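Peer 1: how would this look folded up:
(chains A and B)
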Amino acid sequence: DVKVTQSSRYLVKRTGEKVFLECVQDMDHENMFWYRQDPGLGLRLIYFSYDVKMKEKGDIPEGYSVSREKKERFSLILESASTNQTSMYLCASSFLGSNQPQHFGDGTRLSIL
Amino acid sequence: GDSVTQMEGPVTLSEEAFLTINCTYTATGYPSLFWYVQYPGEGLQLLLKATKADDKGSNKGFEATYRKETTSFHLEKGSVQVSDSAVYFCALRSGNTPLVFGKGTRLSVIA
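Peer 2: As a prediction, the model looks like this:
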């Protein structure tokens, strides 16, 4: 079974802090993704990566950056956390190809106070 | 660009009722289609998929058929259970692009 592990289920941080959300997958997937999920807005893509050291902006990249130094790990960074970044964050990974599903982690519920 | 439209929820059904959640899509080319389920407090789980026209995906009593002529991928189950209460997402993937999701449909099944 594919395992996508997010480092924290719940996280509380303060405004202005630099926040790191970590995601690790164990299936040698090329692609990795970060989404945020908010009530009424569905899933919105923040950043994704097709391979190590590659990154592409998604629909809402402002205020975020990412790092992919190793194939299995994809980190989401909130450079200076703000209250409007309080959300559920979901990481996913997949093989290359349109017929390949994305596999999701359990999510990190992040609160910025 | 590609898009997915699914029926607004919430949907409330009695146990053993028949379920249909409508999903239609707009895409260039020939996308693969997916249904995901999200139980409370969890991430999304793949429920089923179909990769070409007329394919039927099925899992745990749920089914969906890829209909190219109507650009649809409706989710059905013959007899729902309380444990099926969750949010269901329809999604498509074209090429090696990220999944495009619908907004999700919340299903509540009451005993």
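
Peer 1: remind me which residues of chain A are low pLDDT?
Peer 2: Along chain A, segments meeting pLDDT under 70 are nowhere present.

Peer 1: show me what contacts the residue minimising distance to the centre of it?
Peer 2: The centroid of chain A falls nearest to residue A:34 when counting by C-alpha atoms, centre = their mean (2.8 Å). With contact set as C-beta atoms under 8 Å, 6 or more residues apart in numbering or on different chains, residue A:34 has these partners: A:21, A:23, A:45-48, A:58, A:64, A:66, A:74, A:76, A:89-91. In short, each C-beta sits where N, CA and C put it, glycine included.

Peer 1: just the strands in the chain please.
Peer 2: Let's take chain A. Using DSSP state E, the strands of chain A run over residues A:4-6, A:10-13, A:19-25, A:31-38, A:42-49, A:56-57, A:64-70, A:73-78, A:87-94, A:103-104, A:108-112.

Peer 1: Hmm, no, I was thinking of chain B.
Peer 2: Using DSSP E, the strands of chain B run over B:3-6, B:11-14, B:19-21, B:23-26, B:32-38, B:44-50, B:56-59, B:62-65, B:75-77, B:86-93, B:100-101, B:105-110.

Peer 1: Adding mean neighbour count, distance to chain A and mean pLDDT, write those strands out as a markdown table.
Peer 2: Putting the strands of chain B into a markdown table (neighbours: other C-beta atoms under 10 Å in any protein chain shown; distance: least, C-beta to the nearest C-beta, whole Å; pLDDT from 0 to 100) gives the following:
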| stretch | mean neighbour count | distance to chain A | mean pLDDT |
| --- | --- | --- | --- |
| strand B:3-6 | 18 | 10 | 95 |
| strand B:11-14 | 14 | 16 | 97 |
| strand B:19-21 | 17 | 15 | 97 |
| strand B:23-26 | 19 | 13 | 97 |
| strand B:32-38 | 25 | 5 | 97 |
| strand B:44-50 | 21 | 4 | 97 |
| strand B:56-59 | 15 | 11 | 97 |
| strand B:62-65 | 20 | 14 | 98 |
| strand B:75-77 | 20 | 15 | 98 |
| strand B:86-93 | 24 | 5 | 96 |
| strand B:100-101 | 22 | 5 | 94 |
| strand B:105-110 | 16 | 10 | 97 |
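
Peer 1: No further queries at this time; thank you.
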